[in-house]
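Colleague: Let me see the structure of the following:
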Amino acid sequence: MKKKSLTVISLIFVFCIIITSSVISTGAISYPNDVKTQSDSILLVNMDSGQTVFEKDADSKRYPASTTKIMTYIIAVENIDDLENTRIPIKEKVLDVLKDTGSSLANVEEHVGETMSAIDLLYSMMVPSGNDAAVVLADYVGKGSIDNFVKLMNDKAKKLGCKNTHFENPDGLHNDNHYTTARDLYIITKYALTLPKFSEITNTNTYYCEGDEYPLITTNYLIDPNRGGDYYYMYAKGIKTGTTDQAGMSCYNGNGRRIFLYCGASARSV
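Modeller: As a prediction, this is how the structure comes out:
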């Protein structure tokens, strides 16, 4: 989505969720408007009143890609008491599950045989969208089982009231049975925004993990004045990008006036 479009949408004080490539067929737009849309699902909600302003196939199932990590963040933070001081071992066998997957990584492998703090792993997962950090956190919270962690993700989705969401992994790598909807992702993210450090971490451009020489760099051009180019938008705040061939390209953003925007375009239209 171009910078001009972001400005227009942000001025109407809405929460916007746009999910990309279809999992199942789409229907008609619920409310007429003058904005040309390219994404398959859209949900606009006034954050003050909770009223839905606009929606398009908000309950159709879509592949979430790395926006999955919003739920991963929720489960990790709710199960780790001390984010700053909890040390998590970095196991090579855990990272091996990502071999040959084309995953986005945060160089967690450099710490194999050592430990990293939970807070550094959260930054590693959310800023450069590190799948390696996601599986390490999942293994730790799941007590050696990523499957146990994924069960916690699905249980939390149900508890939050998500009706059309199912997770198969903590990182968002494609799986036909790994999906959510615009409405469910709105519910998940609205909850995540109440959790410690979430807004701070997801609005970070660069971050140095303990002992690292090179920084983590955000994948979100909308919040990065140095690398964002025409996509940079000074009022944007966070939240998460995600890309797979099946899900397309997307990013979740907001601004300082409690306006949250999730925007994307399918890979075929980028």
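Colleague: hey, what's the nearest residue to Gln51 once chain neighbours are set aside bridged with?
Modeller: Leaving aside its chain neighbours, Gln51 sits nearest to Val45 (7.0 Å; criterion: CB to CB, 6 or more residues apart in numbering). To be clear about C-beta, it is placed using only N, CA and C from the backbone, and glycine gets the same treatment. Beta-bridge pairing of Val45 under DSSP bridges involves Phe15, Thr52.
Colleague: can you give me the strands for the stretch 51-200 of the chain?
Modeller: For the stretch 51-200 of the chain, strands defined by DSSP state E, counting those that start in this stretch occupy the ranges 52-56, 87-89, 115-117.
Colleague: got the residue ranges for the helices in the stretch 151-270 of the chain?
Modeller: Secondary structure of the stretch 151-270 of the chain by DSSP state H, counting those that start in this stretch: the helices cover 182-192, 198-202.
Colleague: mind listing what the nearest residue to Leu160 once chain neighbours are set aside touches?
Modeller: Closest residue in space to Leu160, ignoring its immediate chain neighbours: Ile187 at 5.3 Å, by CB to CB, 6+ apart. With contact set as CB atoms under 8 Å, 6 or more residues apart in numbering, Ile187 has these partners: Leu160, Gly161, Cys162.
Colleague: Quick check, the last one in contact with Asp184.
Modeller: Yes: the criterion here is CB atoms under 8 Å, and Cys162 meets it with Asp184 at 3.9 Å.
Colleague: higher neighbour count, the two?
Modeller: Asp184 (27 against 21; other CB atoms under 10 Å).
Colleague: Check the gap between that one and Asp176 for me.
Modeller: Applying CB to CB, to the nearest Å, the value for Asp184 to Asp176 is 17 Å.
Colleague: same deal with Pro64?
Modeller: As for Pro64, its distance to Asp176 is 13 Å (criterion: CB to CB).
Colleague: likewise Leu44?
Modeller: Using CB to CB, Leu44 is found at 28 Å from Asp176.
Colleague: Please say which of the two ends up with more neighbours.
Modeller: Leu44 (25 against 9).
Colleague: Settle this for me: that one is touching Phe54, isn't it.
Modeller: Yes: applying CB under 8 Å, one finds Leu44 in contact with Phe54, separated by 4.0 Å.
Colleague: can you tell me which residues contact Val108?
Modeller: Applying CB under 8 Å, 6+ apart, the residues near Val108 are Ile90, Leu95, Met116, Leu121, Ser124, Gly130, Asp132, Ala133, Val136.
Colleague: Compare the residues you listed and tell me which is most surrounded.
Modeller: Neighbour tally across those (other CB under 10 Å): the maximum, 33 neighbours, falls on Ala133.
Colleague: Enumerate every residue touching that one.
Modeller: Ala106, Val108, Leu121, Leu122, Ser124, Met125.
Colleague: Report the contact partners of Gly172.
Modeller: Pro64, Ala65, Ser66, Thr67, Thr68, Lys69, Asn131, His178, Gly242, Thr244, Ala247.
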